[in-house]
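# model this:
(2 chains)
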Amino acid sequence: MPKTEETKQAACECGAYPLSRRNLFGAALALAAAPLLRYDPAQAASVDPSEVAPGIFVHQGRYEVQSPDNRGDIANASFVVGSDGVAVIDTSGSAKMGAELREAIRAVTDKPIKYVINTHMHPDHVLGNAAFSQDEPEFVGHYKLARALGTRKESYLAANEQMLGPEAFEGSEIILPTRLIKEPTTLDLGDRELLLEPQATAHTDNDLIVTDTKTDTLFLGDLLFSVHVPTIDGSIKGWLALLDEIGKRNAARVVPGHGPKTMELPQALVPEQRYLTAIADDVRRQIAEGKTLSEATKTAGFSEKDAWKLFGQYHVRNVTAAFAELEWD
Amino acid sequence: MCNGLKGLTRSFAVVVLAAGVAIASTPPLQAEENMWPTLKTEAFGDRPIQEEDGMVVLETPQKVEDAALVPLTVRVPPHVKGKLKSLSLFIDNNPDPKVATLTYGPAAGTGGERSFSTRVRVDNFSHARAVLELEDGSLHMATKFLAAAGGCAAMQAKDPEADVAGMGKTIVRTFTPALKSSPIWSGQVMVKHPNHNGMQLDINTAKFIPALYVKEMTVTRDGELVFKLDGTFSISTNPNFRFTFGKGEKNDLDVVIVDTDGTEFTGQTQASGS
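Reported below is the predicted structural model:
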């Protein structure tokens, strides 16, 4: 079989994040429209967290799919420094990126790293966990995170090794959570506490919202995408319902899973709500008209095409997921 | 390749044996290997098959976005006259390459474009094939290449609890054609069923979730057979079928589905023309 670029790209569409690069034009438009984007190629793949509130540090991932060049640096990764220790919230997409995040933490504080929290299962948020094993932290996640990672472990590792290449991938592994969160739970960092709230199925079936109560900072993980097109790997209905709830909250700032380091409620949610609603409305109408899944994937939600980066990567898959869910209503 | 195919094949073989499905004659999976000659002999012996002769058309997406949910449509153009005997779908490099076989009955209809659609899992780069058997026993095949990977093991249920909660719910619909006198009508069956392929590891038990899938589906119109389908776990979770049938008096569809556990699910359309 000829290994064309097309087939090579398609080879790794088994993880949450497919490989091919498409629609850079639409992406560029979204890029130009993104007010808070600060992508500096000179700092490629180096962790450069800023302190967005006292003791709260956020590193911004690139709006890209995993590649040898970005070494999995495609999602935001944060840490919170308390008087007794540090909590890491998402660890980026490779052991090497995780190690750089750890170095960045060590540049700020030598307090023990007590907790490594994953907001959900996706590899670009968890593969850096391996770099923190030496600290023997509690690995903390939604109570469904262990099952989700366990069943996907082999395919996630294989897909990411393929996308990152052997060098960037080296050392990456899936580390299952050692502490599962089923009810709202508080983690103590001494002079501050983190509130962990497991959510019903939305972006995935294992989304966890983390709140630093001291600074009123909400870490939403991939419940919030900005600039980077949202990806549905759970339930579009559940996600839209949860966004309505989040929109009623007050917070000094929110940290998205993909997007600028901080944003403000409720306007941070608006583009994502608009995107998911466009898909849901179009798909529901097409189902009512007796249209098929393949027909829906050609038109549903395309009004959003120019509003997002990586639309070409993920949109049709999102429509597929939405259709398969909504056709049962 | 995304998957460690060899590991996949080994674990898969165990599961398949446990499920009592014979694939002993299927050689080990190799993406580059041409499986078709073996499959063809198994399914059709040495009968000749006309390839791409326009008697059957297979439609697949240009780019596979979700390898666990790949829509396939088979069309039999209106110039093909007479009754259809059977339709077989294959995905060469899937763990069980046989996707489904439909054996048509008297209510399958003639006199227009006939079609069948479903959604499948695609585990690897593979050819997809539709082999149509006409009334005279002649075989006709359409083939498409699918660039997809990881459908069988990689893609898990997005919300396992939700999938199990409504299990067995069966929806049957008919779509009234624009011209009510049209001899060919279309219908849809969707059944809430995990169609477990036996290749998903349960982290809590460290065992593979046993295969459990829709094995048989019988569709009748006003009591007459449209088709009987024999399926495998190459059909996606929550199996979904669109098909045509011959116009009858009332055009009521009745569907009986049996899974590998022997559980029976039934569904009926409501008032005709709905």
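
# Moving C-terminal from the lowest-mean-pLDDT helix or strand in chain B, which element do we reach first?
Every helix and strand in chain B was compared by mean pLDDT, DSSP states H and E; the lowest is helix B:5-18, with a mean of 35. Counting by DSSP states H and E, the next helix or strand C-terminal to helix B:5-18 is helix B:36-44.

# check whether that next one contacts chain A.
No. Contact of helix B:36-44 with chain A (Cβ under 8 Å from any Cβ of the partner chain) is absent, the minimum separation being 13.1 Å. Yep, even glycine has a C-beta here, placed from its N, CA and C like the rest.

# same for that helix, what does it pack against?
Secondary-structure packing of helix B:36-44 (3 or more Cβ pairs under 8 Å, 6 or more residues apart in numbering or on different chains; DSSP states H and E): strand B:84-91, strand B:126-134.

# Chain B contacts on the stretch 201-329 of chain A?
Near chain B, when you scan the stretch 201-329 of chain A using Cβ under 8 Å from any Cβ, you find A:201, A:204-205, A:233-235, A:290, A:292-294, A:297, A:316-317, A:320-321, A:324, A:327-328.

# Just the buried ones among the residues you listed, please.
A:201, A:204-205, A:233-235, A:292-294, A:297, A:316-317, A:320-321, A:324, A:327 (16 or more other Cβ atoms under 10 Å in any protein chain shown).

# and A:Thr211, which of the three is it?
Three-state call for A:Thr211 (DSSP: H, G, I helix; E, B strand; the rest coil): strand.

# Ok, the one 10 residues further on next?
State at A:Gly221, reduced to three classes by three-state DSSP: strand.

# Give me the neighbour count for it.
Other residues lying near A:Gly221 total 29 when counted by other Cβ atoms under 10 Å in any protein chain shown.

# May I have the phi/psi pair for the closest residue to it other than its chain neighbours?
With sequence-adjacent residues excluded and distances taken as Cβ to Cβ, 6 or more residues apart in numbering or on different chains, A:Gly221 is closest to A:Thr119, at 2.6 Å. Dihedral pair for A:Thr119: phi -70, psi -20, per degrees, to the nearest 10.

# Among the residues of the stretch 201-329 of chain A next to chain B, which are located in helices?
Residues of these located in helices (DSSP state H): A:Leu293, A:Ser294, A:Thr297, A:Val316, A:Arg317, A:Thr320, A:Ala321, A:Ala324.

# Among the residues you listed, which pair sits farthest apart?
Within these, two members stand farthest from each other by Cβ to Cβ: A:Ser294 and A:Ala321, at 14.3 Å.

# how far is stretch B:248-264 from where the chain is centred?
Put simply, stretch B:248-264 sits 15 Å off its chain's centre (Cα atoms, centre = their mean, to the nearest Å).

# Buried residues, that stretch. List them.
B:Gly248, B:Asn251, B:Asp252, B:Leu253, B:Asp254, B:Val255, B:Ile257, B:Val258, B:Asp259, B:Thr260.

# quick check, the fifth one in a helix?
Spelled out, that is B:Asp254. No. Going by three-state DSSP, the assignment for B:Asp254 is strand, not a helix.

# tell me the contacts of it?
B:Val172, B:Val219, B:Thr220, B:Arg221, B:Gly223, B:Thr266, B:Gly267, B:Gln268 (Cβ atoms under 8 Å, 6 or more residues apart in numbering or on different chains).

# repeat for the third one
Contacts here follow Cβ under 8 Å, 6+ apart; on that basis B:Asp252 touches B:Arg221, B:Asp222, B:Gln268, B:Thr269, B:Ser272.

# could you dump the residues you listed to CSV with pLDDT and distance to chain A?
Converted to CSV, the contacts of B:Asp252 look like this (pLDDT from 0 to 100; distance: Cβ to the nearest Cβ, whole Å):
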residue, pLDDT, distance to chain A
B:Arg221, 97, 18
B:Asp222, 95, 21
B:Gln268, 96, 18
B:Thr269, 93, 14
B:Ser272, 42, 16
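
# show me where the stretch 151-300 of chain A has helices.
Remark: helices assigned in the stretch 151-300 of chain A by DSSP state H, counting those that start in this stretch are A:236-247, A:270-288, A:293-299.

# is it true that A:His59 touches A:Val47?
Yes. Between A:His59 and A:Val47 there is a contact under Cβ atoms under 8 Å: 5.0 Å.

# Now do the shared contacts for those two.
Counting by Cβ under 8 Å, 6+ apart, the residues touching both A:His59 and A:Val47 are A:Ala77, A:Ser92, A:Leu101, A:Ala104.

# among the residues you listed, which are in strands?
Members of the shared contacts of A:His59 and A:Val47 lying in strands (criterion: DSSP state E): A:Ala77.

# most surrounded residue in the shared contacts of A:His59 and A:Val47?
That'd be A:Ser92 among the shared contacts of A:His59 and A:Val47, by other Cβ under 10 Å, with 32 neighbours.

# ok so, going back, and which of the buried residues of stretch B:248-264 is nearest A:Leu176?
Distance to A:Leu176 across the buried residues of stretch B:248-264 (Cβ to Cβ) is lowest for B:Thr260, with 30.6 Å.

# Quick one: residues contacting that closest one.
By Cβ under 8 Å, 6+ apart, the neighbours of B:Thr260 are B:Ala19, B:Ala211, B:Leu212, B:Tyr213, B:Lys215.

# List the contacts of residue 226.
No chain in the question, so chain A it is. Per Cβ under 8 Å, 6+ apart, neighbours of A:Ser226: A:Ala34, A:Pro256, A:His258, A:Gly259, A:Pro260, A:Met263, A:Ala268, A:Pro271, A:Glu272.

# my bad, chain B
Listed by Cβ under 8 Å, 6+ apart, the contact set of B:Val226 reads B:Tyr104, B:Gly105, B:Ala107, B:Ala108, B:Gly109, B:Gly187, B:Val219, B:Thr220, B:Phe243, B:Phe245, B:Gly246, B:Leu253.

# partners of the strand or helix carrying it, with directions?
Assessed by DSSP H and E, B:Val226 sits inside strand B:224-231. Using DSSP bridges, strand B:224-231 pairs in its sheet with strand B:98-104 (antiparallel), strand B:214-221 (antiparallel).

# okay if I get those as CSV plus mean neighbour count?
CSV is the format used below for the strands paired with strand B:224-231 (neighbours: other Cβ atoms under 10 Å in any protein chain shown):
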stretch, mean neighbour count
strand B:98-104, 21
strand B:214-221, 21
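
# And these: which comes nearest A:Leu194?
strand B:214-221 (45.5 Å).

# Send over the closest one as PDB, restricted to the C-alpha atoms.
What follows is strand B:214-221, C-alpha atoms only, in PDB (Å, rounded to 0.1, in the frame of the first residue of the first chain):
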ATOM      1  CA  VAL B 214     -26.100  -8.100  17.500                       C
ATOM      2  CA  LYS B 215     -25.900 -11.400  15.800                       C
ATOM      3  CA  GLU B 216     -29.100 -11.500  13.900                       C
ATOM      4  CA  MET B 217     -31.700  -9.100  12.700                       C
ATOM      5  CA  THR B 218     -34.900  -9.900  10.800                       C
ATOM      6  CA  VAL B 219     -36.900  -7.200   9.200                       C
ATOM      7  CA  THR B 220     -40.400  -7.900   7.900                       C
ATOM      8  CA  ARG B 221     -42.900  -5.700   6.100                       C
END
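
# Run through the residues that contact B:Ser181.
Contacts of B:Ser181 (Cβ under 8 Å, 6+ apart): B:Lys247.

# Tell me the confidence at it?
B:Ser181 is assigned a predicted lDDT (pLDDT) of 87.

# State the distance from it to A:Arg249.
Distance of B:Ser181 to A:Arg249, computed by Cβ to Cβ, to the nearest Å: 59 Å.

# Could you list the low-pLDDT ranges of the chain?
By default, I'm working from chain A. By pLDDT under 70, the weakly predicted segments of chain A are A:1-45.

# Oops, wrong one, chain B.
B:1-33, B:148-156, B:201, B:203-204, B:270-274.

# if you set the cut-off to 90 instead, what comes out?
B:1-34, B:62-68, B:95-96, B:122-125, B:147-166, B:176-181, B:194-211, B:270-274 (pLDDT under 90).

# Of all residues in it, which one is nearest the centre?
B:Ala100 (4.1 Å; Cα atoms, centre = their mean).
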